[in-house]
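K.L.:
Sequence and predicted model, in that order:
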Amino acid sequence: MNQNEGRIWSLYYRVVFYGSKWGDFDGKEFIYKAPVGIRIAEMTNKLQSQFEIQMGRVKVQQLTNIKDINKGELNPEVAYFQIVSVTPYFASEELLRKTTQGSRNFALSKCHCGGKLTTD
């Protein structure tokens, strides 16, 4: 049996915050490591609920299309977030050091988005 068979690895999501309602987090992006089995729809719902609790009366809205955001077009009274699935990225020399799937799922420093960002 292959050492990777039967093992389910965590998934990663890039979350970007837009709007002055986020304060210092406006324009910042973070990589969230989701528990095993949590897909993007469930992660989005979980974050939406968490952010609504944190923000209180401020409206929280997900930006559903994956594109560059024109901040001038956003409602200043809304706290926006954008979420996209990402995969770990390894340079050639890292792949030589990280030979197992387990080592490739810890101490990550780079990710990439599998889909193309659009301007539509």
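P.N.:
In hand now; what should we look at? Residues are numbered from 1 along each chain as shown.
K.L.:
is it true that residue 60 lies in a helix?
P.N.:
No. Under DSSP: H, G, I helix; E, B strand; the rest coil, residue 60 sits outside any helix and is assigned strand.
K.L.:
longest single strand anywhere in the chain?
P.N.:
Criterion DSSP state E: the longest strand present in the chain is strand 78-88.
K.L.:
Buried residues, that strand. List them.
P.N.:
By neighbour count on 16 or more other CB atoms under 10 Å, the buried set for strand 78-88 is 79-86, 88. Using the backbone N, CA and C atoms, a C-beta is placed for each residue, glycine as well.
K.L.:
so which pair among those is furthest apart in space?
P.N.:
Greatest spacing in those, by CB to CB: 79 and 88 (28.4 Å).
K.L.:
now the closest residue to residue 80 other than its chain neighbours: how far from residue 79?
P.N.:
In space, and not counting its chain neighbours, residue 80 is closest to residue 18: 4.1 Å by CB to CB, 6 or more residues apart in numbering. Using CB to CB, to the nearest Å, we find residue 18 at a distance of 8 Å from residue 79.
K.L.:
now do residue 14
P.N.:
According to CB to CB, residue 14 and residue 79 sit 17 Å apart.
K.L.:
Repeat that for residue 10.
P.N.:
Computed as CB to CB, the residue 10 to residue 79 distance reads 26 Å.
K.L.:
just residue 21 next, same as before
P.N.:
As for residue 21, its distance to residue 79 is 4 Å (criterion: CB to CB).
K.L.:
can you list residues touching both of these two?
P.N.:
Counting by CB atoms under 8 Å, 6 or more residues apart in numbering, the residues touching both residue 21 and residue 79 are 55, 58.
K.L.:
for this structure, what are the low-confidence residue spans?
P.N.:
Along the chain, the model assigns pLDDT under 70 to residues 1-9, 66, 88-92, 94-120.
K.L.:
check contacts around the residue nearest to residue 80.
P.N.:
Residues in contact with residue 18 (CB under 8 Å, 6+ apart) are 26-27, 63, 69, 71, 74, 80-82.
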